[in-house]
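S.K.: Let's see this in three dimensions:
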Amino acid sequence: MRKIMIAALLVLLAVPFLAADRKGEDALKAIYRLYGQQKYDEVLPMIEKAMTDFGITQELMKLKYKILVGQKKYEEALAFLDEEIKRSGETEALLAARFDLLFRWGKLKDALETARKKDSITKPKSPWDAVNIMHVYMRMGSKQDALDALQEAVTRGFISYRILADKKYELLAKENRFYEIIETIKVAVGLGHPARSFSVKLLNGDDFTLFKQKGKVVLLDFWATWCDSCREEMPGLLKIHGEFKDKGLEMIGISLDSSEEKLKEYIKQNNLGWKMSCSGQAWNDPTVVRYGVNSIPSLWLIDKKGFLRSFDLKGNELRQTIAALLTE
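M.R.: As a prediction, the model looks like this:
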């Protein structure tokens, strides 16, 4: 759900793709066939051989790392990452993967050092790096350091306050400062205030302006076809659209895709019937920037008077809130 939170942990390094000859294609198909059958002990030596025969590729590296971590072969996975860091340098993607591995492994001091190192080279500063540092301090039991890191994340634009309701934040939930920070986030998001208006060009060529939608409940969805969490939300959104589209609900998606062609293909394949916009600017899309979105999917619910009423609701909670707003 966060920006690069899952995918970037596995993206180790951009390197030449596997040569498109017949042997290389057959080897890759065999690797994926065994991987799909979860025969990981057979897959790993095949990946090593493919790297030797056809070259080290991003795809093979990602697959090897994913298998090692999935099997909790953390020491071997760390050696693999460190070798790549030695070969390619301390890139953001490699350091993100290294942090994730060390954190899973429980090597908290090393994880903290790696998180700080990644934070030092990331520009512009990411709120999610501060969140990672907060998580380490929480595991260490250091409440004030964790709260300092959360405050830094908010300063950098962290708005996903709903994740803080998870039980894993019980340590911080004993502190008044924790709730003060949450209230600060809600104010920054704009809950209870007029939603930030915007105008976009839809994929069908029509114009869409938010302030012209008064009298309707608007569900604004920031998403992308490459986002696994976004795709997981689609069946639920399809049901919501089908149930409420004729009862006063207007849905609009702001896609962070760079390829309009792939987006249109996905929309057609999945029968998405609501309004859709795509500037091709991804995280630099003007509406994305205006709303301060730094993780997707990001769902914003605006009432008939144009006030922002809810943020990042999902599932049945989202459906029930929409139903309630439509009766106002």
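
S.K.: okay, now the domains of the protein?
M.R.: Under the assignment automatic domain parsing, the domains of the chain span 1-88, 199-326.

S.K.: which residues are in contact with the strand or helix carrying Tyr32?
M.R.: Secondary-structure assignment from DSSP states H and E places Tyr32 in helix 22-36. Residues outside helix 22-36 that contact it (Cβ atoms under 8 Å, 6 or more residues apart in numbering): 18, 42-43, 46-47, 49-50, 53-54, 59-60, 63, 67. The way it works is simple: take the backbone N, C-alpha and C, and place the C-beta from them, glycine included.

S.K.: Quick check on those residues: which are buried?
M.R.: The neighbour-count criterion (16 or more other Cβ atoms under 10 Å) marks 18, 43, 46-47, 50, 54, 60, 63, 67 among the contacts of helix 22-36 as buried.

S.K.: how long is stretch 301-317 end to end?
M.R.: In stretch 301-317, first residue to last residue: 12 Å (Cα to Cα, to the nearest Å).

S.K.: Now do the buried residues in it.
M.R.: Judged by neighbour count using 16+ other Cβ under 10 Å, the buried positions of stretch 301-317 are 301-304, 306-314.

S.K.: closest to Trp283 among those residues?
M.R.: For the buried residues of stretch 301-317, the closest approach to Trp283 (Cβ to Cβ) belongs to Asp312, at 17.4 Å.

S.K.: pull the longest helix from the protein.
M.R.: Scanning the chain for the helix with the most residues, using DSSP state H, yields helix 228-244.

S.K.: what's it in contact with?
M.R.: For helix 228-244, the surrounding residues in contact (Cβ under 8 Å, 6+ apart) are 1, 6-7, 217, 219, 221, 223-225, 249, 251, 270-274, 296-297, 299, 314-315, 318-319, 322-323, 326.

S.K.: can you check stretch 266-275 too?
M.R.: With Cβ under 8 Å, 6+ apart as the contact definition, stretch 266-275 has outside contacts at 202-203, 206, 208, 225, 234, 238, 241, 245, 250-253, 276.

S.K.: Could you list the low-confidence segments of the stretch 51-200 of the chain?
M.R.: Judged against pLDDT under 70, the stretch 51-200 of the chain has no low-scoring part.

S.K.: And the helices in it?
M.R.: Defined through DSSP state H, counting those that start in this stretch, the helices belonging to the stretch 51-200 of the chain, from first to last, are 58-70, 74-88, 92-105, 108-121, 127-140, 143-155, 176-189.

S.K.: out of these, nearest to Glu260?
M.R.: Within the helices of the stretch 51-200 of the chain, the stretch nearest Glu260 is helix 58-70; the backing value is 24.6 Å (Cβ to Cβ).

S.K.: circling back to that earlier point, reformat the domains of the chain into JSON lines and put distance to Val131 next to each item.
M.R.: As requested, those are arranged in JSON lines below (distance: least, Cβ to Cβ, whole Å):
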{"stretch": "domain 1-88", "distance to Val131": "8"}
{"stretch": "domain 199-326", "distance to Val131": "10"}
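
S.K.: ok, back up a step: so which of the contacts of helix 228-244 belong to helices?
M.R.: Checked against DSSP H, these include these in helices: 7, 270, 315, 318-319, 322-323, 326.

S.K.: Tell me the one among the residues you listed nearest to Pro286.
M.R.: Proximity of the ones in helices among the contacts of helix 228-244 to Pro286 (Cβ to Cβ) peaks at Ala7, which lies at 23.9 Å.

S.K.: and the closest one, what pLDDT?
M.R.: Ala7 is assigned 44 on the pLDDT scale.

S.K.: CA atoms of stretch 185-193 as CSV?
M.R.: These are the backbone C-alpha positions of stretch 185-193, laid out as CSV (Å, rounded to 0.1, in the frame of the first residue of the first chain):
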residue,chain,number,x,y,z
ILE,A,185,-2.6,14.4,10.5
LYS,A,186,-6.4,14.7,10.3
VAL,A,187,-6.1,18.5,10.2
ALA,A,188,-3.5,18.2,7.4
VAL,A,189,-5.8,15.8,5.4
GLY,A,190,-8.7,18.2,5.8
LEU,A,191,-11.4,16.0,7.3
GLY,A,192,-14.6,17.9,8.0
HIS,A,193,-13.5,20.8,5.6
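
S.K.: Tell me which residues of that stretch come out buried.
M.R.: 185, 189-191.

S.K.: same question, stretch 87-96
M.R.: Of the residues in stretch 87-96, those buried by neighbour count under the rule 16+ other Cβ under 10 Å are 91-96.

S.K.: Next, the distance between the ends of it.
M.R.: 16 Å.

S.K.: again, but for stretch 35-42
M.R.: Stretch 35-42 has an end-to-end distance of 9 Å (criterion: Cα to Cα).

S.K.: Could you give me the buried positions within it?
M.R.: Burial within stretch 35-42, assessed by neighbour count using 16+ other Cβ under 10 Å, is assigned to Tyr35.
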